[in-house]
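**Q** Predicted model, plus sequence, below.
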Amino acid sequence: MDIPREHLVDMYQTMVKIRRFEERIREIYLDDKLPAFDIAAGLIPGEMHLAAGQEPVAVGMRPHLKAGDAITATHRPHHIAIAQGVDLKKMAAEIFGRETGLGRGKGGHMHLFSVDPAFGCSGIIGEGMPVAVGSAMAFRHKGTDNVALAFFGEGAANQGSFHESLNLAALWNLPVVFICEDNAYAISVPKTASTAIADNSDRAAGYGIPGVLVAANDPVAVYEVMGEAIARARKGEGPSLVEVKTDRLWGHFEGDADAYRSDEFKADMVARDPVNSFVKRLTDEGILNESDIAGIQQAMYDEVEEAIQFALDSPYPEPETALEDVFAERTVTL
């Protein structure tokens, strides 16, 4: 692999951190919701969408980022936020609805917002693409070489916001990269039943911009493709569309029976788990040894536990602050 060792190690560390964070959130989320699933119960009420298996999409872009770059993500956002460097303690606190969270506990896990680094996500499908275009336009006006990245699922590629955003970004030659996380299912609907073409990356041709397919759930392949797309945007050469075939190892949301995917399909995903595949590759090529791996795992596990404990120790927002730090409707008398 013709990639600096520090980048490879950093990508593996981040994959371990993401996976451990998702595992711990899953454990705590489900703890008080079973055996009869009650979505309103427990320390983390409401929906929960986890990204185990999709780590390569996030970590492959990480070494190419610089201060000031902006990212938008989906309702399944934790892996992207962690890879960008969003404060893990504040993110955990937000997921637990605590006052010390990114949104002071009022946004929850689907609505994470960070100023530094610039990160945002939403439960609205396709919402992040126009926002990323706006960030890219701001960079152009400011004269910086920053880029905006918009992550979205393959289901969102059929939304009007996808086509409108690609069209405007191409028309104005903006520094934005659109990244489609194709995990083959939009909730329970298979891509084959919703999308007329096999690869959404082919749609880039309709807007005169590069479209690149990463056919394997491989952080190295994502690293290489994202490096080219981000560099192109920084040089003022305009937007790109990248599609990554990835795997959602768990259900669409926690509590999802996941009966729409066959046992064989799920077994195949587990067999090609990207965290296991990547660490094997790193050890086979002599980049990491068993001691390195154990040290990385312990450090990442400790960091995650510290963030979880910070969240659990943090207070809930006071009831009287319910209307603070939120968008509010105002009546204006003319």
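**A** Arrived safely, thanks for sending.

**Q** Hmm, residue 311 is touching residue 87, no?
**A** No - in this structure, residue 311 is not within contact of residue 87 by CB atoms under 8 Å, at 11.5 Å. In short, each C-beta sits where N, CA and C put it, glycine included.

**Q** which one of the two has more residues nearby?
**A** A count of neighbours by other CB atoms under 10 Å puts residue 311 above the other of residue 311 and residue 87, at 26 against 18.

**Q** quick one: what helix or strand has that one in it?
**A** Assigned by DSSP states H and E, residue 311 belongs to helix 290-313.

**Q** If you count neighbours, what's buried in that helix?
**A** By neighbour count on 16 or more other CB atoms under 10 Å, the buried set for helix 290-313 is 296, 297, 300, 301, 303, 304, 307, 308, 310, 311.

**Q** so who does the second one touch?
**A** Residues in contact with residue 297 (CB atoms under 8 Å, 6 or more residues apart in numbering) are residue 16.

**Q** okay, residue 111: pLDDT?
**A** Residue 111 carries a pLDDT value of 96.

**Q** ok, it - how many residues close by?
**A** By other CB under 10 Å, the residues close to residue 111 number 17.

**Q** these two touch, right, it and residue 101?
**A** No - using CB under 8 Å, residue 111 makes no contact with residue 101, being 10.5 Å away.

**Q** for the most centrally placed residue in the chain, helix, strand, or coil?
**A** The chain has residue 80 as the residue nearest its centroid, 3.0 Å off, counting by CA atoms, centre = their mean. With DSSP: H, G, I helix; E, B strand; the rest coil as the basis, the three-state label of residue 80 is helix.

**Q** Read off the pLDDT value for it.
**A** Per the predicted model, pLDDT is 98 at residue 80.

**Q** do the same with residue 152
**A** Looking at residue 152, its pLDDT is 98.

**Q** Which strands or helices does the helix or strand in which it is found pack on?
**A** Per DSSP H and E, residue 152 falls inside strand 148-153. Packed against strand 148-153, as judged by 3 or more CB pairs under 8 Å, 6 or more residues apart in numbering; DSSP states H and E, are the following elements: strand 70-73, helix 128-142, strand 176-182.

**Q** quick one: contacts of the second one?
**A** Residues outside helix 128-142 that contact it (CB under 8 Å, 6+ apart) are 68, 70-74, 118, 120-122, 145-152, 156, 161-162, 164-166, 168-169, 172, 174-176, 178, 233, 239.

**Q** again, only this time at 6 Å
**A** By CB atoms under 6 Å, 6 or more residues apart in numbering, the surrounding residues in contact with helix 128-142 are 70, 72, 146, 148, 150, 161, 165, 168, 169, 174, 175, 176.

**Q** With adjacent residues omitted, what lies nearest to the second one?
**A** Closest residue to residue 72 apart from its sequence neighbours, by CB to CB, 6 or more residues apart in numbering: residue 128 at 3.0 Å.

**Q** State the number of residues packed around residue 58.
**A** For residue 58, the count of nearby residues is 29 (other CB under 10 Å).

**Q** just the one 4 residues further on next, same as before
**A** Applying other CB under 10 Å, we find 21 residues neighbouring residue 62.
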